[in-house]
Every structure is written in C-alpha cells, then in structure tokens.
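K.L.:
Provide a 3D model corresponding to the input given below.
(4 chains)
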Protein chains: 2
Amino acid sequence: MATAMAHEHADARPDLLPTLEDRGYRLTGPRLRIAEHLARRRGSFTAEELAGELPGLGRATVYRTVKLLLDAGVLCKATLPDGAARYSLDGPHHHHHFVCVSCGKVQEFRHPAVERLVRAIRSDVPGELVGHRIELYMNCAECLARGQE
Amino acid sequence: MATAMAHEHADARPDLLPTLEDRGYRLTGPRLRIAEHLARRRGSFTAEELAGELPGLGRATVYRTVKLLLDAGVLCKATLPDGAARYSLDGPHHHHHFVCVSCGKVQEFRHPAVERLVRAIRSDVPGELVGHRIELYMNCAECLARGQE
DNA sequence: CCAGCTAATGATACAACATCTCATCCTTGA
DNA sequence: TCAAGGATGAGATGTTGTATCATTAGCTGG
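P.N.:
Numbering: from 1, shown residues only, chains lettered A, B, ... in the order given. The predicted structure is shown next:
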C-alpha cells in the first residue's frame, strides 16, 4: 500500500456491548450472540448473511440489531454500485469506503481533501447540506492477482 | 445560487430514441411512449412512479427500459440515504448529485476538485479504481423556505 | 430475592422494489 | 411479404427490510 490512508481493522472492538448498555439498551442473549459473532468475524456482510450465520436467532432480531449497531456507530454501511448494502465493523473516525466490486471487501479510507472538498461545496449550495456519501469502487489487489492466475 | 456549479436541465434531450437505435435496439411502441413521457416530464422519479404514470405498459417493460436507458447514458441514477434509487435525465457530462432529502429533487453538480480528488486517491489505492459515487444530501432552498412558513 | 414492568424476541405477514418466466406479439431485415 | 428472434406483459418469484403481536426474559425497586 502506498500510504497509510486505507486500512482494514486489525481486531474487533471489545466495547461493543458497553456501547449498547450506555445507550440504555438491554443486554440480551441474542445481542450477546451477535456481538460475539461480529467480534470473531472478518470482512463485510449483508444483514441476510449475518442472519444465516446465526441459526436460532430470528431474522427480525438480526435486522433490528444491525440497525441498532448502525445507529450506535459500531457498524457502518457501504453501498455497492447496484445499491446493495454491506456492513462492517466501524472505525472510530469519520471515513469513507473503498468497495471491491469483485469480492465485496470493504476498506475504509480517509483523506483530508475529502472534507476540504465538502466544505468548499457547502458554501456554494443553494440549501443546507446535511450529509454526504462517497464510495470508491475498485478491484482489490487480491482479486486482480486471482484474475491473472 | 452562488455559482453555476449546480443546475437543473432546461429541456429534455431529443436524441433519446436515436440513442437506442444506435445501440441496435428496436424502436417499439412502449419505448416510444416512455421516451415521449420522459421528454415531457420534469424532475426525478423512481421506476415505480414511472410505471404508474404509464398505464397500459407492463411494469417489467418500464423497469427494463429504465435499465436500458441507464446503460445508454440517457438516464442517471441517484441514491438516497436510505438506499432508494431515483432516476433523472442525464446531462451530457460526468457529474455527481445533490439530492434533497426532503422532496427528493435531484440536481447535478460538477466540481473540478472532485476529479482532482479521485485522481489523487487513485495512485494510492492498492488495486484498480473502477468507479466512484459521490452524493451530497441537502435540504433544498424551496424545502427550507416551506419549513419556515 | 422476588415481582412486575416493559423492552426484546421471533414467527409471520406485509411491503417495496426489482427480476425472471414464458407464451404471445411485433420490428426488422431479407 | 414473411420468417426469425427481440420485445412485451401478466404474474410468479426473489430480495431486502419493516410491522404486528403474543410470548419471553432483562432490569429495577421494594
């Protein structure tokens, strides 16, 4: 990698449950299972995949918990070109995504120029800027290498 | 508006059908109706809305044609924060979107800094950059004014 | 420690969006 | 004009996510 701009998570966040507790949510069996599973898991996933990996848990519960963790900032959501949503453990800072269109891997990236850009645009907008989404689509190094075999 | 950066389309493109013909697609009745309707229409829309506005046409046909026009570059697709897709007539140049989260209006914008940013990032990516999506979410001037009434 | 309030669960239905199937129709090129 | 095969449309199917609601089980206060 040319710079330290992009990175994957080295290890999962151990503070997943406390985050829920701090928000006044109950620590239930299903949430524990989901938290443990996420801590062990690597890579990005869809809500449906997650539900499939946790037999015995209701689909609705998995979807509800994903949304909860999304609001809590534990998970973040990336969107593929076709609109499909993938989730992954969230880094502690504001960031955007590299999404591999071949394998679905999601990497975070930060770049000061991004926020500079948003700030520059904000002053020109005929209205109130309330958010932005920036996703970069790529073929990751692994997929490129695999394709050349 | 502070600059000429953002704009809506002044008039629809008359070359909608030739574009299809050039690509080897047949000029059929349903496609004609859709093209005429789009030329007359203003603003953005969902595929479902479009189907509703064209009674007598099969839903599948409308969806298929939207995708066709998307590939042909006649339409472009913007994505709302919740993942919903809205379509609008595409400008002739590469651009990104302002999307009003209140009324769904889509405006195009171009900013040289965007492409500069993408170029800067491209050289740092551990892989091959194949595309990007940048959407800015806002409350447009009209919605702000309406909210203050 | 226990009771009870209430959030959380999970089975299921529902909803929105999009695609697939396939018999039939219609454009097109010869 | 006619045949070939792309296009259509009704409906089934798939995907993703939310609403409903009776039941279960955390938490808290006594």
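
K.L.:
Run through chain A and note the low-pLDDT ranges.
P.N.:
In the predicted model, chain A carries pLDDT under 70 at residues A:1-15, A:148-149.

K.L.:
next SSE after the longest helix anywhere in chain A?
P.N.:
Assignment by DSSP state H gives helix A:59-72 as the longest helix of chain A. Scanning forward in sequence from helix A:59-72 by DSSP states H and E, the next helix or strand is strand A:75-79.

K.L.:
could you give the angle of that next one to strand B:75-79?
P.N.:
Following axes from the mean of the first three to the mean of the last three Cα atoms, to 10 degrees, one obtains 180 degrees for the angle between strand A:75-79 and strand B:75-79.

K.L.:
ok, strand A:75-79 near chain B or not?
P.N.:
Yes: Strand A:75-79 lies within reach of chain B by Cβ under 8 Å from any Cβ of the partner chain, at residue A:79. Glycine gets a C-beta too; all of them are placed from N, C-alpha and C.

K.L.:
Output the helix or strand following that strand in PDB with nothing but the alpha carbons.
P.N.:
With elements assigned by DSSP H and E, the helix or strand that comes after strand A:75-79 is strand A:85-89. C-alpha atoms of strand A:85-89 as PDB (Å, rounded to 0.1, in the frame of the first residue of the first chain):
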ATOM      1  CA  ALA A  85     -25.900  -2.700   1.400                       C
ATOM      2  CA  ARG A  86     -22.900  -4.300   3.100                       C
ATOM      3  CA  TYR A  87     -22.000  -3.800   6.700                       C
ATOM      4  CA  SER A  88     -18.700  -3.900   8.500                       C
ATOM      5  CA  LEU A  89     -17.200  -3.000  11.900                       C
END
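
K.L.:
returning to that earlier point: do the longest helix of chain A and DNA strand C meet?
P.N.:
Yes: on the criterion Cβ under 7 Å from any atom of the strand, helix A:59-72 is in touch with DNA strand C at A:59, A:60, A:61, A:64, A:65.

K.L.:
need the helices for chain A, in chain order.
P.N.:
Along chain A, counting by DSSP H, helices occupy A:16-22, A:29-40, A:47-53, A:59-72, A:112-122, A:141-148.

K.L.:
In CSV: those helices, plus distance to DNA strand D and mean neighbour count.
P.N.:
Formatted as CSV, the helices of chain A follow (distance: least, Cβ to the nearest atom of the strand, whole Å; neighbours: other Cβ atoms under 10 Å in any protein chain shown):
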stretch, distance to DNA strand D, mean neighbour count
helix A:16-22, 7, 15
helix A:29-40, 4, 16
helix A:47-53, 4, 16
helix A:59-72, 4, 16
helix A:112-122, 24, 15
helix A:141-148, 20, 12
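
K.L.:
For residue B:31, find the nearest of these.
P.N.:
Between residue B:31 and the helices of chain A, the shortest gap by Cβ to Cβ is with helix A:47-53, which sits at 34.7 Å.

K.L.:
now what about the closest one, what contacts it?
P.N.:
Applying Cβ atoms under 8 Å, 6 or more residues apart in numbering or on different chains, the external contacts of helix A:47-53 come out as A:34, A:37, A:41, A:45, A:57, A:59, A:62, A:63, A:66, A:85, A:87.

K.L.:
wait, the second one sits on residue A:54?
P.N.:
Yes: with contact defined as Cβ atoms under 8 Å, residue A:37 counts as touching residue A:54 (6.0 Å).

K.L.:
now the end-to-end length of stretch A:98-106.
P.N.:
One end of stretch A:98-106 to the other measures 6 Å (Cα to Cα, to the nearest Å).

K.L.:
Indicate whether it makes contact with DNA strand D.
P.N.:
No: Stretch A:98-106 is not in contact with DNA strand D by Cβ under 7 Å from any atom of the strand; minimum separation 10.9 Å.

K.L.:
what's the closest non-adjacent residue to whichever residue of chain A sits closest to DNA strand C?
P.N.:
For chain A, the residue closest to DNA strand C is residue A:58, as judged by Cβ to the nearest atom of the strand, at 2.5 Å. Nearest residue to residue A:58, sequence neighbours excluded (Cβ to Cβ, 6 or more residues apart in numbering or on different chains): residue A:30, at 7.8 Å.

K.L.:
which residues does the one you found contact?
P.N.:
Contacts for residue A:30 (Cβ under 8 Å, 6+ apart) come out as A:57, A:58, A:61, A:65.
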